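[1] Fold the stuff below for me.
(2 chains)
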There are 2 protein chains.
Amino acid sequence: MAFANSVLPKGGGKSPSPGRLASVYSEVQTNRLHHPLPLPSVLKGPFKLLDGPPSSAAGNPDEIAKLFPNMFGQPSAKLVPTGSVPADLPEGLKIGVVLSGGQAPGGHNVISGIFDYLQERAKRSTLYGFKGGPAGIMKCKYVDLTPEFIYPYRNQGGFDMICSGRDKIETPEQFKQAEETAMKLDLDGLLVIGGDDSNTNACLLAENFRQKNMKTRVIGCPKTIDGDLKCKEVPASFGFDTACKIYSEMIGNVMTDARSTGKYYHFVRLMGRAASHITLECALQTHPNIAIIGEEPIGKWAKVNQMDQADMRHIILYGSCTIQCGPCTCLGPFSIGLLLGLLPRIGLVAAKKQTLKNVTDYITDIICKRAKLGYNYGVILIPEGLIDFIPEVQQLIAELNEILAHDVVDKEGLWKNKLQQQSQLLFEFLPQAIQEQLLLERDPHGNVQVAKIETEKMLISMVETELEKRKSEGTYAGHFKGQSHFFGYEGRCGLPTNFDAAYCYALGYAAGALLHSGKTGLISSVGNLDAPVDEWTVGGTALTSLMDVERRHGKFKPVIKKAMVELEGAPFRKFASMRDEWALKNRYISPGPIQFIGPGSNNVNHTLLLELGAQA
Amino acid sequence: MAFANSVLPKGGGKSPSPGRLASVYSEVQTNRLHHPLPLPSVLKGPFKLLDGPPSSAAGNPDEIAKLFPNMFGQPSAKLVPTGSVPADLPEGLKIGVVLSGGQAPGGHNVISGIFDYLQERAKRSTLYGFKGGPAGIMKCKYVDLTPEFIYPYRNQGGFDMICSGRDKIETPEQFKQAEETAMKLDLDGLLVIGGDDSNTNACLLAENFRQKNMKTRVIGCPKTIDGDLKCKEVPASFGFDTACKIYSEMIGNVMTDARSTGKYYHFVRLMGRAASHITLECALQTHPNIAIIGEEPIGKWAKVNQMDQADMRHIILYGSCTIQCGPCTCLGPFSIGLLLGLLPRIGLVAAKKQTLKNVTDYITDIICKRAKLGYNYGVILIPEGLIDFIPEVQQLIAELNEILAHDVVDKEGLWKNKLQQQSQLLFEFLPQAIQEQLLLERDPHGNVQVAKIETEKMLISMVETELEKRKSEGTYAGHFKGQSHFFGYEGRCGLPTNFDAAYCYALGYAAGALLHSGKTGLISSVGNLDAPVDEWTVGGTALTSLMDVERRHGKFKPVIKKAMVELEGAPFRKFASMRDEWALKNRYISPGPIQFIGPGSNNVNHTLLLELGAQA
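    Below is the predicted model:
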């Protein structure tokens, strides 16, 4: 590894090279550069691809078949060892790689993986890194990835090697630009590293190139710290493991602080907008007193009853307000008691936390019980997307967007009369600071910026009010001090764990093998992840097999459905079986900082282990 | 280590024992239990104490001598190896230990250290742990510390073994209670683990016990993550090393994120109310684009000019507002230009960032320069105590406290006319959210809660406004998105670094030796910390030698002066010599998570190394 020592500047010295070479590295960063990347045994020797049976789609296969006539039905492919390297594999490939969407630890290793594949198995190949995400493809902005350029990013966090972007290749004009770039660079293949949207886009590109009889093949790679891009063959998205371990380190520290001071309730909001996987995983790692899983009520509703979401919202709203909900024509003066009688299982869940008031009550109840046990402290985890799961809040925001777009917010508050009655009640129920956030924090289109709402502070304030009420009623005699935290950006760009480092390297190496073998429209898939790296399985899964359609503007759009927390899944069931104990007893675990050497350094996250264990 | 395995319950099982034994440990926590604690070589064999010359005080020695007639002038003691153990050392000691004030990583190891000392060197001794801080002494609430009780806390973060508290032993009645406890438990000695206030208190207790001819001796131990309790003989307070490394891990991650997305300015507020050591150390570890060191302007003012702080405030206020400041009688219609002419060095600093407006301008200027270089992102560190360093803000808060206590805040804003003119201007200059925080967030006495003011958000908002202005003037063409962070509680209870673990163990072991040798009124001091542990020096420093007096309510009160960031000190000078480069070039370092094994795991923080290096 004399290379690294000579290339990397010491002590802040200048370097003529771009990117990371201008940086100074910490001792841990330097050490990570030297960390060896193990490969699954199938990738160490000669291998060949075995195709499985034809695939279908996650939903609406007929529509998916129409949208992807060339891709639909493709088999998944599996790499298996073979005696000798197939003689007909081409050399001198030209491959592009692009990072799409938000950062996730390990992205640099995917690029290292495909680069090393090409170096070792397809001599005289070129790897182009498109800069700044899909826009780099459209504008043909790229960098020629050389060993010198890539090396300093090995096992390092971030996406800064070529940077990422959130543009999409959607319009015919944009597809045209992508074609032009592919032709100009004479691309044999393209690796798209991204989340559900980006992989859908990758498949559209694959379909388009094939339709035009272009040689450019497209392979996807599952990236997102949110952990919501997965299926049986693609058991995990990369970055989730590292991000959850970083958050859990912080949560564990805060727990020890709570137990030591004995006087704070720490409300921790965690990144993860659509799904609550991060919150669930962090709960399994640290055993908080409370963790709110956004999927819980709506998930069960949907399971019990096949009503559509609008109907559900009406019942939920109705249940919470016990007044007749304005736009609702289906229920009329139906009582919540009747509903509970009719649909006991729905009622049970609904009564638990389907409204903001009920989430507040759920938290407050546990705080009161803990106070009786002498605990006036605790740790509560909240998914960033919580309010997206609460229909009444969505409704309020929708009404506010409408009102703010057309009316003046007068100081006297007369504008509030334009809100539906339940929204008005909810608005008045919200803490003043949140009311102001809802009115002030608007995006350029005048819409409320939901992501900016500090849910953890809102809940602290609401719990505080409820506790004061109970205090005056004599049912609570403790003392409460809330501390708010948001753990988000800290986790997206950490140094990848040993697991993510190896997983990403294998994903990238596998993508190289798939492209080299002429595959297109697949997502790189590495399995058997609870076994030693040597025993991991490697292959590619048809992207169309992950897809369903959604109707938007009267047209069917293909989507890879986000994998939500499954209420019947092993991780949630484990959590559900333990949370009552965690609530009242303090079973805190402090995972400590991620270790790269020694005990625990090769541990895999609970979610993955439990899911794989349940499959086995 | 079969002990740990048998005592610690597996997988959430119950345990009959109190405290940590009810917890489940992570793999890293368990591994830390087994981490060996090295001792300085002088503590490994027989040693004796050598007294140095008589000591004085940090200031006003005559007053300190009056306040501590029995303690003042005591020599510092140094442990040196000797041929054999002195024959006259008593056995069967009864010692108490107390944790005082906020958490700092390593506190449990101090207790382990004194416990092991007693076990090994003063057979049949008893160690009492006073529960919940000094209140535990006064109420005689304690736990008998046994090997079984202590073991699960070895190398673990937090203070939960016996918990801490912020009570003080101040009144004659409280001293009486402490005496009663000392007599009841027949205490030979007491170890007080705390910050500047707690160690002052320890010395008062030592003086009091000696005055009453009681045998109970008192030794202090330097604890605070803020790093502001230190002097030549006590080169560091414990916990600072770990806390700064935890914050720096997060800052490094956020830096990589900033560089990857290219679109966020991360404003990171860091714990450390009085002094900015944490911000400075984190800056040295990570190389942010901007780090605000609170001491900078006021420190230089004080150095250049011997005016008292009230005078300084007037000039600062005056300089910022260029209007005549109300309560100021000394300067009259003096112009800032004249001031600058008279006192060029003061003017230079003053013009840089002595007011909120100037801090804003300093940040905005760098953001504009970076935009011209194509960087619309960055990382900015802000000490929690920043606003305590800005006199105009203190003034505004003082006036608000007065007004809010007596007047009604009318909706029309007429109450604002009661503010001095400069405070009114400043109030109007503040973002609306901060204005509301100032008016709403009040403590039970009606005072503004300064610690709750989110300085980082305030600065984001003010920078935003200034940038918009410059955009309209055509001097800025970039784009700005601020992201706020507060890193505080995450750092107080982390697993201690190898350095803090060893340092604390030595501090505790040394405290045992000092008490055993009959010393009182000393603070445990371990030096030569940049050498291997084996070569560390060990001794005790007279607490009175760290003291000065402050006049409060017409009386002299002894205080251990907080060690502020020295503008002439090596750490600040290193920072000052590099910050211009960091501002415009991106020299980010990502220290990564604290490692307990392998490269970097025994590194010591920059502040300590630079200070020790400068002394050498």
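[2] near chain B, which residues of the stretch 101-250 of chain A?
    Within the stretch 101-250 of chain A, the positions adjacent to chain B are A:Q103, A:Q156, A:G157, A:G158, A:F159, A:D160, A:C163, A:S164, A:I246, A:E249, A:M250 by Cβ under 8 Å from any Cβ of the partner chain. To be clear about C-beta, it is placed using only N, CA and C from the backbone, and glycine gets the same treatment.
[3] I'd like those as CSV, with secondary structure, neighbour count and pLDDT appended.
    CSV is the format used below for those (DSSP: H, G, I helix; E, B strand; the rest coil; neighbours: other Cβ atoms under 10 Å in any protein chain shown; pLDDT from 0 to 100):
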residue, secondary structure, neighbour count, pLDDT
A:Q103, coil, 28, 96
A:Q156, coil, 28, 97
A:G157, coil, 32, 97
A:G158, coil, 29, 97
A:F159, coil, 32, 97
A:D160, coil, 27, 96
A:C163, coil, 21, 96
A:S164, coil, 31, 95
A:I246, helix, 29, 98
A:E249, helix, 32, 98
A:M250, helix, 27, 98
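[4] Reformat the residues you listed into TSV and put distance to A:D500 next to each item.
    Converted to TSV, these look like this (distance: Cβ to Cβ, whole Å):
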residue	distance to A:D500
A:Q103	12
A:Q156	12
A:G157	10
A:G158	13
A:F159	14
A:D160	17
A:C163	19
A:S164	17
A:I246	11
A:E249	15
A:M250	18
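[5] tell me the contacts of the residue nearest the centre of chain A?
    When Cα atoms, centre = their mean is applied to chain A, the residue found nearest the centroid is A:D226 (1.7 Å). A:D226 sits next to A:G195, A:S237, A:F240, A:M271, A:G272, A:R273, A:A274, A:A275, A:H277, A:I278 when contact means Cβ atoms under 8 Å, 6 or more residues apart in numbering or on different chains.
[6] Pop the domain breakdown of chain A in here.
    A:30-239+A:496-560, A:241-297+A:354-491+A:569-611, A:299-353 (automatic domain parsing).
[7] Worst mean pLDDT among those?
    Mean pLDDT is lowest for domain A:299-353 out of the domains of chain A, coming in at a mean of 35.
[8] Among the contacts of A:D226, which one lies nearest to chain B?
    Of all the contacts of A:D226, chain B sits closest to A:M271, with 11.5 Å by Cβ to the nearest Cβ.
[9] Report the buried residues of stretch A:583-597.
    A:583, A:585-597 (16 or more other Cβ atoms under 10 Å in any protein chain shown).
[10] Just give the nearest non-adjacent residue to A:P593, would you?
    Take A:P593 and drop its neighbours on the chain: the residue closest to it by Cβ to Cβ, 6 or more residues apart in numbering or on different chains is B:P593, 3.5 Å away.
[11] same check, this time on A:D257
    What sits nearest to A:D257 in space, not counting adjacent residues and going by Cβ to Cβ, 6+ apart, is B:C493, at 4.2 Å.
[12] ok so, going back, make a markdown table from the buried residues of stretch A:583-597 and add distance to A:V559 to it.
    Formatted as a markdown table, these follow (distance: Cβ to Cβ, whole Å):
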| residue | distance to A:V559 |
| --- | --- |
| A:A583 | 37 |
| A:K585 | 42 |
| A:N586 | 42 |
| A:R587 | 39 |
| A:Y588 | 39 |
| A:I589 | 37 |
| A:S590 | 39 |
| A:P591 | 34 |
| A:G592 | 39 |
| A:P593 | 37 |
| A:I594 | 33 |
| A:Q595 | 38 |
| A:F596 | 37 |
| A:I597 | 42 |
